[in-house]
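Student: Make a model of this:
(one chain, ligands or ions: 3)
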Amino acid sequence: MNHPLLRIAVPTPLYRSFDYLPPHNVEPSKLHAGQRVSVPFGRRTTVGVLLEVVTHTDIAPQKLKRALKLLDDTPVLNNDILAMVQWASRYYHHPIGEALATALPVLLRQGHPPTVTDTTAVRLTATGQAVDPATLARAPRQAAVLAALHSQPEGVERSALDAPAAVLRALSDKGWIEIFTRQVRPQPGNAESGTAHDLNPAQHKAVDVLLAGLGAFHPYLLEGVTGSGKTEVYLRLIEQVLARGQQTLVLVPEIGLTPQLVTRFQQRFPVPLAVLHSGLNDRERLAAWQQARSGDAPIVIGTRSAIFTPLARPGLLIVDEEHDASLKQQDGFRYSARDLAVWRARQLDLPVVLGSATPSLETLYNVEQQRYQRLELPERTGVAQLPSYRLIDVRHQKLEHGLSAALLSGIERHLAADGQVLLFLNRRGYAPTLMCYGCDWVAECHRCDARMTWHHSDGRLHCHHCGSQRPVDQTCPACQGSDLHPQGQGTERVEQALAEHFPDVERLRIDRDTTRRKGALGQLLERARQGRHQILLGTQMLAKGHHFPNVTLVGILDADHGLFSTDFRASERMAQLIVQVAGRAGRDDRPGQVLIQTAHPEHPLLQLLVTHGYRAFAEAALDERKAARLPPTTNLALLRAEATDAGAPVRFLEGIQERIGSGHAVEAWGPIPASMERRAGRYRAQLLLQSDQRGELQQLLGQLVRQLEQSPDTRKVRWSVDVDPADTF
Ligand code: ADP
Ligand code: ZN
Ligand code: ZN
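Tutor: Ligands and ions are numbered 1, 2, ... in the order given. Take a look at the predicted model:
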């Protein structure tokens with residue numbers, strides 16, 4: 001009996017696929033891997049993905065259920081994506097059904113057809129066209145909408161307009177705009193406005209090598225100092241890929257995908273661009289995904305999950321800022337989009353370009369092992385020079401709200417010379433601690449092993465780990481005294497200090513609190529870029545990829561965070577952040593200076609970084625990793641466990657450790673409580689697995705997850721596997 005059976009990935013946390021009879025009245029010739037099928041599962045009906053058509057199953061015939069409906073005539077996922085997700089589900093030990101669900105846009109997961117045909121758009125009416133936005137000074141948001149619509153007579157997608165509903169309603173009540181439904185189509189570029197630069201010799205050399213490599217698998221590291229023109233190299237390469245009639249997929253970190261970057265691509269190429277980021281609604285996401293899959297959009301640009309976008313005619317993959325931690329998913333399906341990009345490029349036999357000014361040690365190790373080819377852009381473009389560094393020793397000094405005298409006088413000097421100043425502090429809020437001077441009590445979160453941050457803007461204490469809030473204590477709960485004081489500083493407090501110290505100087509603060517509103521980050525960055533604000537202050541949102549031509553001084557308020565952390569990657573992260581922030585200085589014709597406040601100016605890695613640069617730092621850090629047998633020279637996986645019961649996670653992991661035993665090629669370290677043991681009311685612990693032999697580690701993990709899946713303990717303890725973890729605390 002050779003009846004076809006459907007092997008289907010069903011979104012459930014089980015590590016297996018499920019076999020079904022085909023739906024009634026479906027010709028076997030109509031069945032293809034990658035189609036969606038609605039199936040009965042337990043008491044519900046769900047949407048699964050057909051993995052393969054088979055003729056044999058271990059399920060007893062009377063237990064075999066019938067699939068309900070074939071949802072697609074042609075597969076929504078092509079073989080390329082199916083193969084990649086299946087591989088990733090094995091490599092990262094994540095259930096196949098959930099992995100495939102992660103790969104699909106939400107609407108497809110829910111069974112929606114793969115095409116989105118209409119969308120809501122906004123355009124000016126004839127009356128509106130006659131209104132000059134400049135006359136609306138009292139309603140700046142309405143003016144901004146009118147200005148945006150003036151340049152787009154056919155209208156703009158509702159969601160692309162950064163405006164609250166009330167603003168649009170006001171404009172539509174005046175009869176100035178019209179909100180209408182239209183067909184979805186990709187946004188064409190506007191190629192007249194962007195011109196290509198003449199390449200400098202290093203760019204030329206890189207482009208020549210990359211062009212010669214089109215059409216076959218080649219992994220490259222494009223290592224270019226900040227402002228060396230990496231993006232220009234990508235653009236030249238994409239131009240040729242377009243000429244070959246092929247598509248390019250560009251992955252960028254979450255913070256890197258700014259309107260500026262998209263505009264730069266749109267200005268260069270007169271072709272539709274599909275942009276995939278977390279700010280899209282479900283319909284927009286599906287529309288962009290569909291444009292990539294159909295080939296209507298020759299350029300696809302997106303954050304991490306865009307790696308799962310099918311492409312009709314793939315020609316090139318680019319991962320910009322390949323070192324960025326946001327390319328690794330930190331929960332659920334814990335994949336690395338960068339590593340999957342390399343895997344996908346190999347499978348499709350295409351080049352993949354990993355770009356960074358501060359490459360990850362993983363990628364540098366791959367270069368050392370001659371698996372990746374390195375292309376270098378050692379100098380900034382044009383006349384711009386790399387900035388000079390100076391360490392400011394903050395021991396034995398009184399700081400004024402976190403600002404040393406040397407930094408304050410540096411700010412003064414640069415402002416007087418008409419330079420813009422960028423200050424970096426990776427801590428938002430007013431103060432990270434509220435302390436009682438009477439008894440040393442500090443305000444802690446009731447649900448986490450963490451201190452509460454005092455926020456001045458709303459006068460409340462916030463936990464940055466679980467989001468809980470409460471009013472600021474007026475008296476000390478321990479000694480009833482009223483001698484409570486903020487300790488340390490966040491961006492709000494530094495901003496206040498700057499206001500007092502430089503009352504006539506404009507300031508712009510960019511952190512999560514000032515950018516909550518959709519589109520706010522883009523607006524603030526644009527204002528920063530125009531140089532109207534002389535002091536820019538912010539967290540890492542301000543650090544990455546932006547081009548602020550007028551910044552001449554960068555001040556790093558606290559460099560010590562990464563030096564003594566329990567996470568072995570902390571010093572690498574700190575070095576990358578310092579170099580990236582520093583890279584905002586002196587990007588135009590005026591030289592830049594970087595002042596770094598530290599209580600450990602003699603630290604060898606910090607010294608190496610500021611005197612010899614990132615490459616020297618990275619080589620020393622890689623040697624340390626080799627000596628300590630840490631990644632990338634060995635393989636790690638982390639088993640995490642959490643529970644509401646304090647002792648349960650460690651006990652659970654001890655059980656696993658016993659099961660693993662000793663004398664293997666895999667060593668198990670721990671279990672130990674996480675460095676913040678309690679978070680959002682749950683206790684957490686981890687067991688670290690390490691091996692020089694990836695195959696052995698993989699095999700062991702495979703056995704473990706199959707056992708854990710069956711284990712009765714898992715009703716009380718939530719566990720997860722993280723292969724190649726980005727964070728180990
Ligand atoms: P990166 O991506 O390496 O930070 P960009 O590609 O953003 O660098 O380039 C930095 C700046 O230099 C941009 O303003 C870009 O337009 C300009 N640029 C790039 N290549 C050249 C070149 N060959 N000559 C002059 N300017 C260039
Ligand atoms: Zn007290
Ligand atoms: Zn908390």
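
Student: For the chain, list the residues in contact with ligand 1, please.
Tutor: The chain comes close to ligand 1 at residues 197-200, 203, 224, 226-232, 381-382, 547, as judged by C-beta under 6 Å from any ligand atom. Any C-beta I mention is one placed from the backbone N, CA and C, and that applies to glycine too.

Student: Mind doing that once more with 5 Å?
Tutor: The chain comes close to ligand 1 at residues 197, 200, 224, 227-232, 381-382, as judged by C-beta under 5 Å from any ligand atom.

Student: Give me the buried entries from the residues you listed.
Tutor: Neighbour counting by 16 or more other C-beta atoms under 10 Å classes 200, 224, 227-232, 381 among these as buried.

Student: ok, which pair from the residues you listed is furthest apart?
Tutor: 200 and 231 (13.7 Å; C-beta to C-beta).

Student: In the stretch 201-350 of the chain, what residue spans correspond to helices?
Tutor: 201-212, 230-243, 259-268, 282-294, 337-348 (DSSP state H, counting those that start in this stretch).

Student: right, and those helices - which one's nearest residue 616?
Tutor: helix 201-212 (19.4 Å).

Student: Paired strands for the lowest-mean-pLDDT helix or strand in the chain, with orientation please.
Tutor: Using mean pLDDT, DSSP states H and E, strand 156-157 stands out as the lowest-scoring helix or strand of the chain, at a mean of 76. Strand 156-157 sits in its sheet next to strand 118-124 (antiparallel), going by DSSP bridges.

Student: Doesn't residue 19 lie inside a strand?
Tutor: Yes: per DSSP: H, G, I helix; E, B strand; the rest coil, residue 19 lies within a strand segment.

Student: nearest spatial neighbour of it, skipping sequence neighbours?
Tutor: In space, not counting the residues next to it along the chain, residue 19 is nearest to residue 57; the distance is 4.2 Å by C-beta to C-beta, 6 or more residues apart in numbering.

Student: Need the three-state assignment for the one you found.
Tutor: coil.

Student: Return the residues in contact with it.
Tutor: 5, 19, 64 (C-beta atoms under 8 Å, 6 or more residues apart in numbering).

Student: Then residue 371?
Tutor: residue 219.

Student: Buried ones in stretch 39-52, by neighbour count?
Tutor: Applying 16+ other C-beta under 10 Å to stretch 39-52 flags 39, 41, 46-51 as buried.

Student: May I see the buried residues of the helix ranked longest in the chain?
Tutor: Ordering each helix of the chain by length in residues (DSSP state H) puts helix 694-710 first. Within helix 694-710, the residues scored as buried using 16+ other C-beta under 10 Å are 697-698, 700-701, 704-705, 708.

Student: got it, and stretch 496-509?
Tutor: For stretch 496-509, by 16+ other C-beta under 10 Å, it's 497-498, 502, 507-509.

Student: Dump it to CSV, keeping only the CA atoms.
Tutor: Below are the C-alpha coordinates for stretch 496-509, written out as CSV (Å, rounded to 0.1, in the frame of the first residue of the first chain):
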residue,chain,number,x,y,z
GLN,A,496,20.6,67.7,34.2
ALA,A,497,24.3,68.3,35.2
LEU,A,498,25.0,69.4,31.6
ALA,A,499,22.1,71.8,31.8
GLU,A,500,23.6,73.4,34.9
HIS,A,501,27.1,73.4,33.6
PHE,A,502,26.4,74.5,30.0
PRO,A,503,23.1,76.4,30.3
ASP,A,504,23.3,78.0,26.8
VAL,A,505,24.2,74.9,25.0
GLU,A,506,21.6,72.8,23.3
ARG,A,507,21.4,69.2,24.4
LEU,A,508,19.8,66.1,22.8
ARG,A,509,19.3,62.9,24.8
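
Student: what about it, distance to the chain center?
Tutor: 31 Å (C-alpha atoms, centre = their mean, to the nearest Å).

Student: Now do the contacts for whatever residue of the stretch 101-250 of the chain ends up closest to ligand 2.
Tutor: Closest contact between the stretch 101-250 of the chain and ligand 2, by C-beta to the ion, is at residue 164 (43.9 Å). Contacts for residue 164 (C-beta under 8 Å, 6+ apart) come out as residue 141.

Student: centroid residue for this protein?
Tutor: residue 326 (3.0 Å; C-alpha atoms, centre = their mean).

Student: That residue is in contact with residue 255, isn't it?
Tutor: Yes: if you go by C-beta atoms under 8 Å, residue 326 and residue 255 touch, sitting 7.2 Å apart.

Student: Name the strands paired with the longest strand anywhere in the chain and say parallel or antiparallel.
Tutor: Identified as the longest strand of the chain according to DSSP state E is strand 666-679. Using DSSP bridges, the strands paired with strand 666-679 are strand 682-691 (antiparallel).

Student: The longest strand of the chain versus helix 694-710: what angle between them?
Tutor: 50 degrees (axes from the mean of the first three to the mean of the last three C-alpha atoms, to 10 degrees).

Student: Strand 666-679 near ligand 3 at all?
Tutor: No: Strand 666-679 is not in contact with ligand 3 by C-beta under 5 Å from the ion; minimum separation 6.8 Å.

Student: and residue 159, what pLDDT?
Tutor: At residue 159, the model reports a pLDDT of 66.

Student: neighbours around the residue lying closest to residue 709 once chain neighbours are set aside, how many?
Tutor: Spatially, and ignoring its direct neighbours in sequence, residue 709 is nearest to residue 15 (5.7 Å; C-beta to C-beta, 6+ apart). Residue 15 is flanked by 18 other residues according to other C-beta atoms under 10 Å.

Student: Look up how far residue 513 lies from residue 15.
Tutor: Separation of residue 15 from residue 513 (C-beta to C-beta, to the nearest Å): 41 Å.

Student: now residue 137
Tutor: 27 Å.

Student: between these two, which one's more packed in?
Tutor: Set residue 137 next to residue 513 and count neighbours by other C-beta under 10 Å: residue 513 wins out with 17 against 8.

Student: ok, now how distant is residue 110 from residue 283?
Tutor: Taking C-beta to C-beta, one finds residue 110 at 12 Å from residue 283.

Student: more neighbours, these two?
Tutor: Set side by side, residue 110 and residue 283 show more neighbours around residue 283, with 20 against 11, by other C-beta under 10 Å.

Student: I'd say that one and residue 107 touch.
Tutor: Yes: between residue 283 and residue 107 there is a contact at 6.9 Å, judged by C-beta under 8 Å.

Student: Pull up the overlap in contacts between the two.
Tutor: Common neighbours of residue 283 and residue 107 (C-beta under 8 Å, 6+ apart) are residue 116.
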